[in-house]
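# what follows is a predicted structure for the sequence shown.
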Amino acid sequence: MSTPTTTTTTTITAVAAPFFVMERFPEPELNWSTPWSDQFEAYVYCNPTSMPLIKSWQWQLLPPPPFVREFNHWNSSTRPEINSYALLGSDICISVNGVGTYSLDTASHTWTKVANWTLPFHGRVDYEWEECKDSQLVNLGSGTFCILRFFHTHNQRNGCNIAVFTGVEVMPRVQEDATGEVQLHMISHKSLCHQSKTTTIDSVF
């Protein structure tokens, strides 16, 4: 990854869609004193000075997602991997294997942890469906559940109703630190997709 030669905290206004660059296997940053990271950057076409007619592409450092600077994620020899990512509206969503899912607000450059689970995909996810109603969680017994999500596509040719079924299993996991605290760990299994132009699945029970 190319790294800028200087670090700046100057606020710059983008006039074109920026490019975001992230390390797939980020290094831990446990003792950093700056909020910025050279492992997460944006390539922005902007006005870096007060002269409005001068525009150029500039590297801008971003803050890292919280897990990069949290000690509990770096106790083993395995480095957390960003195993899937997607653009959801103006936000970038990443899933980190064994850690959880985070969302980056591309306007404020603020990270939010969405959940402890990860997306059931690998690599880039093209999210072109619109969620049309609240999701449902169905208890199948013995710690297993089915998550049902409802979508609709507005393509005039191929517009249809879509229901996505994802199987998950919730299991207890004992922390490896001195506390021995037991936490719940969710394992995602196979996802199935049902599409129809004429019928709609409203609920599952």
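Thanks, I have the structure now.

# now do the helices in the chain.
In the chain, no segments count as helices under DSSP state H.

# flag the shaky bits of it, pLDDT-wise.
Where the chain drops to pLDDT under 70, the residues are 1-17, 48-53, 76, 127, 154-158, 175-180.

# now the terminal residues of stretch 106-116, how far apart.
End-to-end span of stretch 106-116 (C-alpha to C-alpha, to the nearest Å): 21 Å.

# would you mark the buried spots in it?
By neighbour count, with 16 or more other C-beta atoms under 10 Å as the criterion, the buried positions of stretch 106-116 are 106, 111. Placement of C-beta: from N, CA and C, glycine included.

# what sits up against that stretch?
For stretch 106-116, the external contacting residues (C-beta atoms under 8 Å, 6 or more residues apart in numbering) are 18, 20, 42, 62-66, 90-93, 99-105, 185-186.

# which among those residues end up buried?
18, 20, 42, 62-65, 91-93, 99-104, 186.

# just these: which are in strands?
Among the buried ones among the contacts of stretch 106-116, the members found in strands (DSSP state E) are 20, 42, 62, 91-93, 100-104, 186.

# which two from those end up farthest apart in space?
Spanning the widest gap among these are Ala42 and Met186, at 31.3 Å by C-beta to C-beta.

# list the contacts of Leu137.
Leu137 neighbours (C-beta under 8 Å, 6+ apart): 145-148.

# bridging residues for the nearest residue to Leu104 once chain neighbours are set aside?
Distance criterion C-beta to C-beta, 6 or more residues apart in numbering; nearest residue to Leu104, sequence neighbours excluded, is Ile92 at 4.4 Å. Ile92 has these beta-bridge partners by DSSP bridges: Leu87, Leu104.

# tell me who's in contact with the nearest residue to His194 once chain neighbours are set aside.
Spatial nearest neighbour of His194, chain neighbours left out: Ala163 (4.6 Å); criterion: C-beta to C-beta, 6+ apart. When contacts are counted by C-beta under 8 Å, 6+ apart, Ala163 touches 148-151, 193-194, 201.

# if we use 10 Å, what do you get?
136, 148-151, 192-196, 199-202, 204 (C-beta atoms under 10 Å, 6 or more residues apart in numbering).

# do the same with Arg69
Neighbours of Arg69 in contact, by C-beta under 10 Å, 6+ apart: 28-32, 35, 37, 63.

# one more time with 8 Å
Going by C-beta under 8 Å, 6+ apart, Arg69 touches 28-30, 32.

# circling back to that earlier point, now the contacts of Leu137: which count as buried?
Counted by 16+ other C-beta under 10 Å, the contacts of Leu137 give 145-148 as buried.

# just give me the neighbour total for Pro80.
Other residues lying near Pro80 total 20 when counted by other C-beta atoms under 10 Å.

# burial measure for Tyr43, as a count.
Tyr43 sits with 14 neighbouring residues when counted by other C-beta under 10 Å.

# how near is the nearest residue to it once chain neighbours are set aside to Glu41?
Closest residue to Tyr43 apart from its sequence neighbours, by C-beta to C-beta, 6+ apart: Phe19 at 4.2 Å. Per C-beta to C-beta, to the nearest Å, Phe19 is found 9 Å from Glu41.

# nice, that's everything, thank you.
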